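**Student:** sequence and predicted structure are below.
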Amino acid sequence: MVKSVTNNRYIQIDDLRNDNLIKYTDDDKGTFVEPSDVIIAWDGANAGTIGYGLEGLIGSTLARLKVIIPHIDTNYLGRFLQSKFKEIRNNCTGATIPHVSKVHLNSLLVPVPPLPIQKQIAAVLEKADNLRQQSQQMEQELNSLAQSVFLDMFGDYRKDAMSLKSSLGEVADVRSGVTKGQKLEGHKLTTVPYMRVANVQDGYLDLSEIKDITVKAKDFEKYQLKAGDVLMTEGGDFDKLGRGAIWSGQIANCIHQNHVFRVRLCDRYISEFFAYYLQTPFVKQYFLKCAKKTTNLASINITQLKGLPIPDESIGKQQSFLRIIDELKALKEANFEQQEQANAHFNSLMQRAFKGELDLKDVA
């Protein structure tokens, strides 16, 4: 069905998750979906993602599933298909680009309780999903609040850059790491764990995969990390340029590779304060301005990093800021526990709902 009305909503993959960026089109050609239809991402990395309750024209990678019998509730069917996401993904075709298998999708057996029960199940799942999304939203707000507190306490350095009298190279020992592929013949060697670019994220370290490297024993001390060091990457996507995280000594005898800078601050600065400073708009702007850029990537060198202007804030003021951050961290930890519980509760309901195991009296 094609609806010949201009200014239709143009529905893309992100619209199946939220309404953060609604787009419209004057094009009246294409597949039009109504709120009673279910939408499925048919091709690509998001194949199998489900949406419903939307109205407009769908993008080329999306497909419409139209309910053709009167006793099926769209919200119930949408939730059922969401519960089958992994199964749909596992049965996709295509070696490089996943495509939903129409044969497998058509073979799915949908349990069909009476319509009032379907509506109850959909309502219960909607309520549980809303609780889960509220926890996720709270996490985003707490993350934003930390930067807001920083700006409130120290100001926006973009507006007062002249007050930054020191450079990072003057207040810290900044060093690049070990280069892979060196000639090691004739040297005493040692094999140790090391931090790669993939380990250093924006504000935290991803230690899920740690690799080892063999280096000259005499170089080990030069590259060895110490608790309180701040690790920074030399490049990446524009929005991740200069990302940094604090090393807390999580892994013994660990070093870092040459694409990861190590910043060891003098005693006038607290590492946590510096790590939050790295996330400010001023620092992001500085790195983007001086970085070497290609189409999608940007990189900085050690000279540019050492030239980063640094605020001269007192230790007392830094500590006051970090006390507030500790309070925010406690809130984040409590919210994380609630988020884990909400996710577990939602997933449990999703599985039980379509096996006839959901007691609606207990969960209503």
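**Tutor:** Arrived safely.

**Student:** does Gln82 touch Tyr52 like I think?
**Tutor:** No. Gln82 lies out of contact with Tyr52 (Cβ atoms under 8 Å); the separation is 9.3 Å. From N, CA and C alone the C-beta is placed, and that goes for glycine too.

**Student:** more crowded one of those two?
**Tutor:** With neighbours defined as other Cβ atoms under 10 Å, Gln82 and Tyr52 compare such that Tyr52 has more, 23 against 18.

**Student:** per-residue pLDDT of the more buried one, please?
**Tutor:** Tyr52 carries a pLDDT value of 94.

**Student:** what about the chain, any weak spots by pLDDT?
**Tutor:** Low-confidence segments of the chain, defined by pLDDT under 70: 1-6, 361-364.

**Student:** may I see the domains of the chain written out as residue ranges?
**Tutor:** The chain resolves into domains spanning 8-112, 118-141+324-363, 158-310 when parsed by automatic domain parsing.

**Student:** could I get the ones you listed as JSON lines with distance to Gln318?
**Tutor:** Below are the domains of the chain laid out as JSON lines (distance: least, Cβ to Cβ, whole Å):
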{"stretch": "domain 8-112", "distance to Gln318": "35"}
{"stretch": "domain 118-141+324-363", "distance to Gln318": "10"}
{"stretch": "domain 158-310", "distance to Gln318": "4"}
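
**Student:** what segments of the stretch 51-200 of the chain are strands?
**Tutor:** Applying DSSP state E, counting those that start in this stretch to the stretch 51-200 of the chain gives strands spanning 56-58, 62-65, 166-167, 172-175, 189-195.

**Student:** which stretch among these comes nearest Asp267?
**Tutor:** strand 172-175 (10.8 Å; Cβ to Cβ).

**Student:** stretch 218-233: end-to-end distance?
**Tutor:** End-to-end distance for stretch 218-233: 24 Å, by Cα to Cα, to the nearest Å.

**Student:** got the buried residues for it?
**Tutor:** Counting neighbours by 16 or more other Cβ atoms under 10 Å, one finds that the buried residues in stretch 218-233 are 219, 223, 225, 228-233.

**Student:** and which of the residues you listed is nearest Ala344?
**Tutor:** The closest of the buried residues of stretch 218-233, once distances to Ala344 are taken by Cβ to Cβ, is Leu231, at 32.8 Å.

**Student:** how many neighbours does the residue lying closest to Phe282 once chain neighbours are set aside have?
**Tutor:** Closest residue to Phe282 apart from its sequence neighbours, by Cβ to Cβ, 6 or more residues apart in numbering: Tyr157 at 3.9 Å. By other Cβ under 10 Å, 21 other residues sit near Tyr157.

**Student:** can you point out the buried residues in stretch 184-192?
**Tutor:** For stretch 184-192, the neighbour count (16+ other Cβ under 10 Å) marks Val192 as buried.

**Student:** again with stretch 24-43
**Tutor:** Residues of stretch 24-43 classed as buried by neighbour count (16+ other Cβ under 10 Å): 25, 30-33, 37-43.

**Student:** between these, which sits nearest Arg89?
**Tutor:** Ranked by distance to Arg89 (Cβ to Cβ), those are led by Ala41 at 10.4 Å.

**Student:** what sits against the residue nearest to that closest one when sequence neighbours are not counted?
**Tutor:** Counting by Cβ to Cβ, 6+ apart, Ala41 lies nearest to Thr49, which is 4.2 Å off, once chain neighbours are set aside. Residues near Thr49 by Cβ atoms under 8 Å, 6 or more residues apart in numbering: 13, 16-17, 40-41, 85.

**Student:** okay if I get these as TSV plus distance to Gly59?
**Tutor:** Below are those laid out as TSV (distance: Cβ to Cβ, whole Å):
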residue	distance to Gly59
Ile13	7
Leu16	10
Arg17	14
Ile40	12
Ala41	9
Phe85	19
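
**Student:** format the residues you listed as TSV; extra columns: secondary structure and distance to His99.
**Tutor:** Formatted as TSV, the contacts of Thr49 follow (DSSP: H, G, I helix; E, B strand; the rest coil; distance: Cβ to Cβ, whole Å):
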residue	secondary structure	distance to His99
Ile13	helix	14
Leu16	helix	17
Arg17	coil	20
Ile40	strand	11
Ala41	strand	10
Phe85	helix	15
